[in-house]
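In: need a 3D model of the following:
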Amino acid sequence: MLATISGFIPVISAMIACASGGDYQFDEATGLVAAMILGGAQLVTATLWSLPTAAGYRQFAPAAGDHDPMAEAIIGVDRAHEEPDAGRAVNQWQRDQMRRWRDGDTKLPSHAALFCGTLPTLGAIRPSPRFVMELDDPVLGRRIFHAYQVQALPLVS
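Out: Numbers count the residues shown, from 1 in each chain. Presented below is the predicted three-dimensional model:
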């Protein structure tokens with residue numbers, strides 16, 4: 001089956017919906033994220049699993065009061081997408097939220113981490129002059145950081 005997309009696909013897109021990025025758990029993605037990338041999006045932030053709505057969250061976490069982690073996630077992703085390196089900004093927002101949670105921020109209920117880990121940012125493969133990676137071990141309090149410059153080699157036929 002061949003499907004066509006008509007209309008405007010934003011270059012940077014967010015689909016904060018129930019498991020909107022779940023198709024990327026398979027080798028051959030055929031869901032919403034793949035459709036957005038095939039339609040022209042260069043960067044897509046989606047969710048890996050279902051997230052409770054504000055009403056659902058309040059029902060199962062009444063002690064949270066007016067706290068709305070879904071709204072925080074949507075606003076965090078939206079603001080991150082305004083940055084020059086949107087994918088990295090989303091990741092930084094996630095790390096900041098997890099740091100708040102681990103440090104015992106009383107504004108974040110104990111299960112708020114659910115909203116931080118669900119947001120992969122996927123993009124089309126494109127060249128970059130620099131590669132940066134960071135691994136964080138919160139248990140041992142250690143971090144590994146590595147970066148390198150990329151030099152494109154000429155094409156030889």
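In: could you use CA atoms for every contact and neighbour count after this?
Out: Noted.
In: distance of Asp136 from Met98?
Out: Asp136 sits 11 Å away from Met98, going by C-alpha to C-alpha, to the nearest Å.
In: who's more crowded, the two?
Out: Using other C-alpha atoms under 10 Å as the criterion, Asp136 and Met98 rank with Met98 on top: 21 against 12.
In: element containing that one, please.
Out: Secondary structure here is read from DSSP states H and E; on that basis Met98 sits in helix 86-102.
In: which strands or helices does that helix pack on?
Out: Helix 86-102 is packed against helix 69-80, helix 113-116, strand 121-123, with contacts defined by 3 or more C-alpha pairs under 8 Å, 6 or more residues apart in numbering; DSSP states H and E.
In: now these as CSV including mean neighbour count and mean pLDDT?
Out: CSV is the format used below for these (neighbours: other C-alpha atoms under 10 Å; pLDDT from 0 to 100):
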stretch, mean neighbour count, mean pLDDT
helix 69-80, 17, 86
helix 113-116, 19, 67
strand 121-123, 20, 71
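In: identify whichever of the ones you listed lies nearest to Ile12.
Out: Proximity to Ile12 (C-alpha to C-alpha) singles out strand 121-123 among those, at 9.0 Å.
In: list the contacts of the helix or strand that that closest one is followed by.
Out: Remark: after strand 121-123, the chain's next helix or strand is strand 130-137, criterion DSSP H and E. Residues outside strand 130-137 that contact it (C-alpha atoms under 8 Å, 6 or more residues apart in numbering): 142-150.
In: can you list those in a markdown table and add neighbour count and distance to Ile37?
Out: Below are the contacts of strand 130-137 laid out as a markdown table (neighbours: other C-alpha atoms under 10 Å; distance: C-alpha to C-alpha, whole Å):
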| residue | neighbour count | distance to Ile37 |
| --- | --- | --- |
| Arg142 | 9 | 35 |
| Arg143 | 10 | 32 |
| Ile144 | 9 | 31 |
| Phe145 | 9 | 29 |
| His146 | 9 | 28 |
| Ala147 | 10 | 27 |
| Tyr148 | 10 | 27 |
| Gln149 | 10 | 26 |
| Val150 | 11 | 24 |
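In: Asp23 and Gly31 touch, don't they?
Out: Yes. At 5.4 Å, Asp23 counts as touching Gly31 under the criterion of C-alpha atoms under 8 Å.
In: looking at these two, which is more packed in?
Out: The neighbour comparison of Asp23 against Gly31 (other C-alpha under 10 Å) goes to Asp23, with 16 against 13.
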